[in-house]
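Undergrad: have a look; sequence and predicted model below, questions after that.
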Amino acid sequence: MASIDKRTTTYTTSASLVAFATVVLLSLTSHANSLVHLPPHPVSSDVLISEYGHTTEFGAALQTVFAAHNNPSGQQRVRPNHVVYINASEPLPEDSLTNIRNDLSKGAIIILDGTINSDDTSYMSARIGGIGFSSPVLMIRYDSNQTPEYKALSIFNADAMMPSSIQYTDDRYQKMADETYSLLKPWTGKQRFKPTTLATHRDKTATYRPESTINVEIRHTGFPCMVGKEYDGNSVTGVSHWDADMIDACNNSASVSLFYTVDFIRSVSTEEGGTEDAKFVRITLNPEGDGGAGWHFTEKPIHKNLWFQSQTNRIEWFGPIVEDYSVKLASRDPEIRLYQTAPENKPQHSNIIVALPSIGIGVMLPKGVSMPPDATLGLPLKFGSTVHRAVIYKNYEYAIINRSIDDVTATASWLWTREFDKYSDGWRTNRICSLWCSDPFFDDNTFTPAAYAHFSPGFSATFRAPADKIDQSTIKFTGSANVVALGGRVQYKFLLQHYAPWSRKGSHYSFVQNLRVNWGSTLFNPEIPVSIEAYKENSEMGLCLNIIESDIDEGVGQVDLYHCHFKTNQIWGMDSDNRYKSFLAQDLCLTREEDNSLSVQQCTHAANQKWEWQHDKLVSKLGGYLTASPDGSVRISDLNIETIQWRNFLRKPTPSDILSIQSIPISQTQ
């Protein structure tokens, strides 16, 4: 294995970088059977970036950006975060990955540098955060609600042959560093991160919802908008055409930044009916919430004369503006069905307020879990719930056409269109005008900023898979904008100026994200995720029943008591056979061994994998009580006096191995 270059770089904190300050990385104690507290990061007033791997040209540019924003004025600061820079193209040993994962769980911001090969970020992000995401630059954190957030950045390069191996120039590295800093700034506000290692009362009483969520922001920047250069029109002869030449009306500064959520939902059928035994994926972009900055091409379109003889005889150019936007999400997997879409068809200037139809969710509630935590035992094994999203925004001068279809492919598709053939005659300042008119051909008032500066296409699409589906399928997410220039002729005719003919010419820009869903992920398990905690033992972070991942070998692993961090190796779910199934991997059950120790093994129907609750005691079906020793080992004791008190608490497992995203940079067609 290649050597790992790990360094730290420290700067003085400024007010704008308050969330970038933290501590030197601490090597965590190796996972042995010990109950020693893991030390938290101390708070530092300096900006510190921990680095893993050799610094690339982008990494060096990023260091320069941090230093350039240095402000030693000593302004009041809020609690800082930790920034970890990783060269994704260099290998990392397992102990470094463990440290990085723990930093992430404690509020760190992870920056993965894939400028050497963007495919490397997919492998590295999967090992760190559980979600594989390919992008030249990828940022990861957990928000204050423990929801994973991913921000992906790419800079347009027209000469790139393969998106995974784009070659950048020095100015593009600098631009990418500036954009990275800009994307990180919203993560530096005063909302504070809630560490996963503290088993607070609030955590234990949170309402359970049968869904997991990932937040994704994608940003493509630095691309052109190639539009028509020369237009000629004549209302007398009927000529109206553009020549072949194109110009970049955006000076390589166009961008698109969209923020969307991906919800993973598992339902079971209930005796009352109205719910399905199925798995769902819902993808939502809500502009009213945090839909991102949207598509941006220019601050303001411009008017210019292509040819001018007089006010009564001139040819004008106006642009750039977007004729239409589109979004399509499609799966070719025949087992995947389109379940819901929003919005439906809407006319121009509509207020889109769509409270999406709720999905009726059946939830399996195991015996022994409190719902809420202070409730008595013996609640029904299943109950109904609903999950829902909303899409709220204004579509301005764009009509919405829902083109979704569910036949050979499950396709959610929308077009936001200005309907050129139907409405473009109203884009003119005048149809006819007196000879002394000097009005431009196209009316600025008919073009809101949605046409050129800021538009986020709001939508939601829900896909359904059978409950027994465990393989993978891809949902292809394509977003596009058709940006054009407008050309028009003002011509003398019968003592008046006539504003005709007119036309448009431009290019189509699109991005693709391939979302590969792993339907076999344990997050789709029908059992409610819980932690099993020695809840009256004296521990600041709590003590949880824990699978020692390093001991996992061919589906068998040891179980001990360890500080609560609520990763998947500490999440369990009791099924209808009274077995505790692990969320670490499929088909692993809590097992009593012959020597009364505990392990996880492949699930069977044997009695040594069945458990029951007797008030606050966890009892094996073979007899005996679950207890723990001071060294962290757990065992079954026949003596009631030796047992300790246990409780189930509802937990929301961190999404892992459920999704991978391949981000393909902006492409251009005419």
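TA: Sure thing, it's come through. Remember, it's a predicted structure, so these values are computed and weren't measured experimentally.
Undergrad: quick one: list the elements packing against the helix or strand hosting Lys175.
TA: Element membership for Lys175, per DSSP states H and E: helix 170-184. Under the contact definition 3 or more Cβ pairs under 8 Å, 6 or more residues apart in numbering; DSSP states H and E, helix 170-184 sits against helix 57-68, strand 137-142, strand 148-155, strand 211-223. In this view, the C-beta of every residue, glycine as well, is placed from N, C-alpha and C.
Undergrad: ranking helices and strands of the chain by mean pLDDT, which lands last?
TA: Taking mean pLDDT, DSSP states H and E as the measure, the helix or strand of the chain with the lowest value is helix 201-204, at a mean of 36.
Undergrad: distance check, the spatially most central residue of the chain against Leu659.
TA: In the chain, the C-alpha nearest the mean C-alpha coordinate belongs to Val216, at 1.9 Å (Cα atoms, centre = their mean). Plainly put, Val216 is 9 Å away from Leu659 if you go by Cβ to Cβ, to the nearest Å.
Undergrad: what's the answer for Thr568, then?
TA: 14 Å.
Undergrad: next: Gly129.
TA: Gly129 is 11 Å from Leu659, by Cβ to Cβ.
Undergrad: and Asn99, by the same measure?
TA: In terms of Cβ to Cβ, Asn99 sits 24 Å off from Leu659.
Undergrad: the two - which one has more neighbours?
TA: Neighbour totals were compared for Asn99 and Leu659, and Leu659 leads with 27 against 21 (other Cβ atoms under 10 Å).
Undergrad: mean pLDDT added to the helices and strands packed on helix 170-184, as TSV?
TA: Putting the helices and strands packed on helix 170-184 into TSV (pLDDT from 0 to 100) gives the following:
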stretch	mean pLDDT
helix 57-68	90
strand 137-142	95
strand 148-155	94
strand 211-223	93
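Undergrad: make a markdown table out of the ones you listed and add distance to Asn546.
TA: Formatted as a markdown table, the helices and strands packed on helix 170-184 follow (distance: least, Cβ to Cβ, whole Å):
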| stretch | distance to Asn546 |
| --- | --- |
| helix 57-68 | 36 |
| strand 137-142 | 20 |
| strand 148-155 | 21 |
| strand 211-223 | 21 |
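Undergrad: mind checking which of those is nearest Met246?
TA: Nearest to Met246 among the helices and strands packed on helix 170-184 is strand 211-223 (13.8 Å), distances taken as Cβ to Cβ.
Undergrad: next, the angle strand 137-142 makes with that closest one.
TA: Counting by axes from the mean of the first three to the mean of the last three Cα atoms, to 10 degrees, strand 211-223 lies at 150 degrees to strand 137-142.
Undergrad: and strand 211-223, which strands flank it?
TA: Each strand paired with strand 211-223, and its direction, by DSSP bridges: strand 148-155 (parallel), strand 254-267 (antiparallel).
Undergrad: which parts of the stretch 1-150 of the chain are helices?
TA: 57-68, 94-105, 119-129 (DSSP state H, counting those that start in this stretch).
Undergrad: for those helices, which one ends up most surrounded?
TA: Of all those, helix 119-129 carries the top mean neighbour count, a mean of 22, counting by mean count of other Cβ atoms under 10 Å.
Undergrad: run the angle between that helix and strand 211-223 for me.
TA: 150 degrees.
Undergrad: for helix 119-129, C-alpha coordinates in PDB please.
TA: Provided in PDB are the C-alpha atoms of helix 119-129 (Å, rounded to 0.1, in the frame of the first residue of the first chain):
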ATOM      1  CA  ASP A 119     -14.500   7.800 -10.200                       C
ATOM      2  CA  ASP A 120     -12.200   7.500  -7.200                       C
ATOM      3  CA  THR A 121     -14.600   9.700  -5.100                       C
ATOM      4  CA  SER A 122     -17.300   7.100  -5.500                       C
ATOM      5  CA  TYR A 123     -15.300   4.400  -3.900                       C
ATOM      6  CA  MET A 124     -13.900   6.600  -1.100                       C
ATOM      7  CA  SER A 125     -17.300   8.300  -0.300                       C
ATOM      8  CA  ALA A 126     -18.900   4.900   0.000                       C
ATOM      9  CA  ARG A 127     -16.300   3.800   2.500                       C
ATOM     10  CA  ILE A 128     -16.600   7.000   4.500                       C
ATOM     11  CA  GLY A 129     -20.200   8.000   4.400                       C
END
